[in-house]
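> coords please:
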Amino acid sequence: MTFAVSSTDFHYEANNKAHHTSEITGQRLILRRGQAFTITLNLHRGSQPEVDKVQLIAETGPSPSEASGTRAVFRVSGPPIRSSWSAAVQNSSSSSVTLSVTSPANASIGKYSLKIQAAKGTPQTSALGEFILLFNPWCADDSVHMQKDNEKQEYVMNEQGLLYRGCAESFSPSGWNFGQFEEDIVDICLKLLDVSPNYSTNPGLDCSKRSDPTYVGRVVSAMVNCNGDRGILLGHWGNDYRGGTPPSRWTGSVEILRQWSLNGCRPVKYGQCWVYAAVMCTVMRCLGIPTRTITNFDSAHDTDRNLTIDEYYSVSGQELKLSSDSVWNFHVWVESWMTRPDLPAGYDGWQVLDPTPQEKSEGVYCCGPAPVKAILEGDTNIKHDVPFVFAEVNADKVRWTVGSDGSKKKSYSNTRQVGSNISTKAVGANAREDVTHLYKYPEGSKTERDAFARAVHKRNGISDVTPNGPDAPKPPASGVIELSIKLQKTPVNGEDITFYLHIVNKNQSSKNLSITTVAQALRHNGRPEDPCWKNTQTIKIGANGETKVTLLVPYSKYGASMLENDIVKLTAVANEEGSNEMHMTEKDVLVTNPTLSIEVKGTAVLHQEIKAEITFTNTLSETLRNCLLTLSGIGLIRTKYEIPIRTVGPNNLVRVTIPLTPTKPGSRMLTADFDCNLFRDVKAFKTVEVKRAY
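Sure, this is the predicted structure:
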């Protein structure tokens, strides 16, 4: 009797553990490319274990072919053969043969079938089973290889992380559950690739290109938003989120991905930049590409791609909506780790990928991968989308004053503001790592100005840009008025905002000044609301003198604007009497919400119940209504808790206790969200170390 297989043992648990996929499941085979795995072929009684007379066939995609690299036919031979599929005998008996099978480190990722057939004569193919193949940062030959184990643990294996939000002078982290190893997520991520326009247009070519993380990253960047495709998230930056979930409500990716998949790949409502980035981080880590979220404060959106951001103000200090350029309080994207063999040497490593649909790239709403090294050096001729990302972190900001007759006058230029405190979660700790130095040289340094000049030259072919910049701000000279805004204390939602204007007269004569101060709620994408408060007064300041003017924005004026915002923009304009001279200053103020806290009682042990206590105090003088407390945590809670709380009176404390039964060991994150009628989505998170029971 010839070689005949009765059944196949894929050694799910052992293989998945060796391939760092046991967190997903032990019930099916999930592998990483470039690494051997073991299978045992159980033979029919009387069959001859002559493995040299059979071939194995590995196939992926709807029309696999050897030419495209989506089909491989290989015989059982000796040691692994580099850059090709191979198999070798580990053990053999009259009833079974155990093989070590190795995929090449450049194989396409995706769902595979494994078959066996006779090497000679009429092929009679028998199916052995199926498996999923992912990228492999543990394999030195893989283009996503990452050397340090602690970095692989953070950027591939960690199922939770931190997202930084706020403004440049005041920001904080919120917890996020990525959940890339929830069992159904790998299938959803592969489905995402299969519903992309690339796959629909040419499935064979798309599956062949899935060997390249540059290509996969670009597809995922496009598919996380739904602009022009069947992508995951619909963005919304307004104030009305009816029919969906406000972006600030989300605390994890799993619910979003499952909702998209279960609803027939219809977009989930709603996302903004940090939600887009967090979901993309989940998808990329699931597929095996090391990825981290990045927050850029004072992030420019350069719509005309001239590397400058134009802002327009009225003579009274109100920011006008005359330009599609903007500076976002913050913007979040991801970096993914990979080599770039498509580029000249020197651009391997972290690559920016941005799924937020801002501008089209080659006709598609996606961005990247853009090498961080190219952004640092101003190499705007390097693909993909380096000019756009360079502007986000290093554009020059130009302020214009618009007269009552519509005339525009350049009043200020700033080469330093855009791109600050660029942040990510530190490796192995719930702490912030500042990565600004990876994106730009020290502000104002010759190296930084040289990089800017190089970026303009390579982008536009302009050769007359001076290294110091054409509009670099100069230090204040004698004979000018200087304005600045200083907070008296950190503003808290529900309290008045108290601040003062510091005015310095460097003239040799006294000045009469008409000063207008305006407060506007500011959306995180830099778009201002209409003014909620305005103050005008006249002061006289002596020669070479200085003074402070104390001001107050009542909560009654700004409170209603804070439901969908947490930034107040303060702008002060001083006009000199009898002169056309105008002086301006501005400050973005983060209004903090009352504190939500989490405490876990006792030691967390796998499959043993513990208690978590969540407390919240209403510090406002008003009653909070329609309150909702939401809790979630991968490996701690199977489904999220939603606890309605009808009202919370002024200065009242709410205490809620919930049971937790951990289902996964290791470091886990419990997240809490408190929402009510007066402010949105106060966040808290708590890391819980879950021990195994012994």
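> now residue 277: closest residue in space, sequence neighbours ignored.
Residue nearest to residue 277 in three dimensions, not counting chain neighbours: residue 332, with 4.2 Å by Cβ to Cβ, 6 or more residues apart in numbering. Every residue, glycine included, has its C-beta placed from N, CA and C.
> the one you found and residue 450: what is the separation?
As judged by Cβ to Cβ, to the nearest Å, residue 332 and residue 450 stand 29 Å apart.
> for the two, indicate the residue with more neighbours.
residue 332 (28 against 16; other Cβ atoms under 10 Å).
> tell me the contacts of the more buried one?
With contact set as Cβ atoms under 8 Å, 6 or more residues apart in numbering, residue 332 has these partners: 163-165, 273-274, 276-278, 293-296, 356.
> paired strands for the host helix or strand of residue 331, with orientation please.
Taking DSSP states H and E as the criterion, residue 331 maps to strand 326-338. Using DSSP bridges, strand 326-338 pairs in its sheet with strand 291-301 (antiparallel), strand 349-353 (antiparallel).
> helix or strand next in line after the longest one, which one?
Right, strand 291-301. Once strand 291-301 ends, the next helix or strand along the chain (criterion: DSSP H and E) is strand 308-314.
> what about residue 108, helix or strand, and which?
Using DSSP H and E, no helix or strand contains residue 108.
> just to check, it is in contact with residue 211?
Yes - counting by Cβ atoms under 8 Å, residue 108 does reach residue 211; the two are 4.4 Å apart.
> what do these two both touch?
With Cβ under 8 Å, 6+ apart as the test, residue 108 and residue 211 both reach residue 69.
> neighbours of residue 45, just the number please.
9.
> now residue 598
Neighbours of residue 598 using other Cβ under 10 Å come to 20.
> just grab the bridge partners of it for me.
Beta bridges link residue 598 to residue 614 when assigned by DSSP bridges.
> thinking again about what came up before, quick check: the gap between the residue nearest to residue 277 and residue 482.
34 Å.
> repeat that for residue 282.
Distance from residue 282 to residue 482, by Cβ to Cβ: 48 Å.
> the two: which has the busier surroundings?
Taking other Cβ under 10 Å, residue 282 and residue 482 do not tie; residue 282 has more neighbours (30 against 14).
> ok, and the closest non-adjacent residue to the more buried one?
Nearest to residue 282 is residue 253, by Cβ to Cβ, 6+ apart, at 3.9 Å.
> return the residues in contact with that neighbour.
Here residue 253 is in contact with 176, 177, 178, 179, 180, 278, 279, 281, 282 (Cβ under 8 Å, 6+ apart).
> one more time with 7 Å, if that's ok
178, 179, 278, 279, 282 (Cβ atoms under 7 Å, 6 or more residues apart in numbering).
> now those as CSV including distance to residue 570, pLDDT and secondary structure?
Listed next are the contacts of residue 253 as CSV, based on distance: Cβ to Cβ, whole Å; pLDDT from 0 to 100; DSSP: H, G, I helix; E, B strand; the rest coil:
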residue, distance to residue 570, pLDDT, secondary structure
178, 36, 98, coil
179, 39, 97, coil
278, 31, 98, helix
279, 34, 98, helix
282, 37, 98, helix
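> still on that earlier bit, next one: the residue nearest to residue 277 from residue 391, what distance?
With Cβ to Cβ as the criterion, residue 332 and residue 391 are 16 Å apart.
> likewise for residue 641?
43 Å.
> more crowded one of those two?
Counted by other Cβ under 10 Å, residue 641 and residue 391 do not tie: residue 391 has more neighbours, with 28 against 17.
> may I see the buried residues of stretch 95-107?
When burial is assessed from 16 or more other Cβ atoms under 10 Å, stretch 95-107 yields the following buried residues: 96, 97, 99, 100, 101, 102, 103, 104, 105, 106, 107.
> convert the C-alpha atoms of it to PDB, please.
The C-alpha coordinates for stretch 95-107 follow below in PDB (Å, rounded to 0.1, in the frame of the first residue of the first chain):
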ATOM      1  CA  SER A  95       2.100   4.300  11.800                       C
ATOM      2  CA  SER A  96       3.200   7.900  11.600                       C
ATOM      3  CA  VAL A  97       5.600  10.400  10.300                       C
ATOM      4  CA  THR A  98       6.500  13.700  12.100                       C
ATOM      5  CA  LEU A  99       7.700  16.500   9.900                       C
ATOM      6  CA  SER A 100       9.300  19.900  10.500                       C
ATOM      7  CA  VAL A 101       7.900  22.300   8.000                       C
ATOM      8  CA  THR A 102       9.400  25.800   7.400                       C
ATOM      9  CA  SER A 103       7.900  28.700   5.500                       C
ATOM     10  CA  PRO A 104      10.100  31.300   3.900                       C
ATOM     11  CA  ALA A 105      10.600  34.600   5.800                       C
ATOM     12  CA  ASN A 106       9.100  36.500   2.900                       C
ATOM     13  CA  ALA A 107       6.000  34.400   2.400                       C
END
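> average pLDDT across that stretch?
The average pLDDT within stretch 95-107 is 96.
> so who does residue 263 touch?
Neighbours of residue 263 in contact, by Cβ under 7 Å, 6+ apart: none.
> how close does it sit to residue 223?
15 Å.
> do residue 20 as well
25 Å.
> more neighbours: which of the two?
Neighbour totals were compared for residue 20 and residue 223, and residue 223 leads with 28 against 22 (other Cβ under 10 Å).
> sec struct for that one, please.
Here residue 223 is helix, with the state taken from DSSP: H, G, I helix; E, B strand; the rest coil.
> let me know the pLDDT of it.
98.
> and the spatially closest residue to it that is not a sequence neighbour, what does it touch?
Nearest residue to residue 223, sequence neighbours excluded (Cβ to Cβ, 6+ apart): residue 231, at 4.6 Å. Applying Cβ under 7 Å, 6+ apart to residue 231 gives the contacts 222, 223, 224, 225, 267.
> how near is residue 231 to residue 353?
Residue 231 is 14 Å from residue 353, by Cβ to Cβ.
> re earlier: just say helix, strand or coil for the residue nearest to residue 223.
Assignment for residue 231 (three-state DSSP): coil.
> ok, residue 133 touching residue 106?
No - using Cβ atoms under 7 Å, residue 133 is not in contact with residue 106; the gap is 11.4 Å.
> tell me where the stretch 401-550 of the chain has helices.
In the stretch 401-550 of the chain, the helices defined using DSSP state H, counting those that start in this stretch lie at 436-439, 446-460.
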